[in-house]
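Visitor: Curious how this folds, go ahead:
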Amino acid sequence: MPARVLERAMLTPAEVFETPEQVVAHDGLTRAQKIEILRRWEYDAASEAVAIEEGMAGGEEVLLRRITLALDGLADGLDPDRTAAGKQGGFPRAAVTGARGGARGS
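Guide: As a prediction, this is how the structure comes out:
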């Protein structure tokens, strides 16, 4: 993946990928890059879910679930004791990579 496309994917994953499953299946990304892209996408989707809950129009909660499942598969599980306490959620790196011996390479 070209560096400028990777940078865009890290900033706004939904502009580069249509689904979380596309991130997981992408051959040009390392496992660590996939996890980071999905973490950032999860944060965006959680923010959108909060906005919906507060009465604003926007996205769907199904996306948040799909991102969580993709992260869970790549990281061999998530550590629920290390997730954020706020409404907005967001998985800190320790929840994704620290639970089971750290992130693996590609």
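
Visitor: Which positions in the helix or strand hosting residue 9 come out as buried?
Guide: Secondary structure assignment for residue 9, by DSSP states H and E: helix 3-11. Across helix 3-11, burial judged by 16 or more other Cβ atoms under 10 Å covers 6, 9. C-beta here means a position set from N, CA and C on the backbone, and glycine is covered the same way.

Visitor: for stretch 33-52, same thing?
Guide: Buried, per 16+ other Cβ under 10 Å, within stretch 33-52: 33-49.

Visitor: what's the answer for stretch 14-26, then?
Guide: By 16+ other Cβ under 10 Å, the buried positions in stretch 14-26 come out as 14, 16-17, 20, 23-24, 26.

Visitor: Tell me the one of those nearest residue 66?
Guide: residue 20 (4.8 Å; Cβ to Cβ).

Visitor: Looking at the buried residues of stretch 14-26, spot the one nearest residue 75.
Guide: For these, the residue nearest residue 75 by Cβ to Cβ is residue 24; the value is 11.2 Å.

Visitor: Before we move on, what's the pLDDT of the closest one?
Guide: Turning to residue 24, the model gives it a pLDDT of 95.

Visitor: Spatially nearest residue to it (excluding sequence neighbours)?
Guide: Sequence neighbours aside, residue 70 is the residue nearest to residue 24 in space, at 5.0 Å (criterion: Cβ to Cβ, 6 or more residues apart in numbering).
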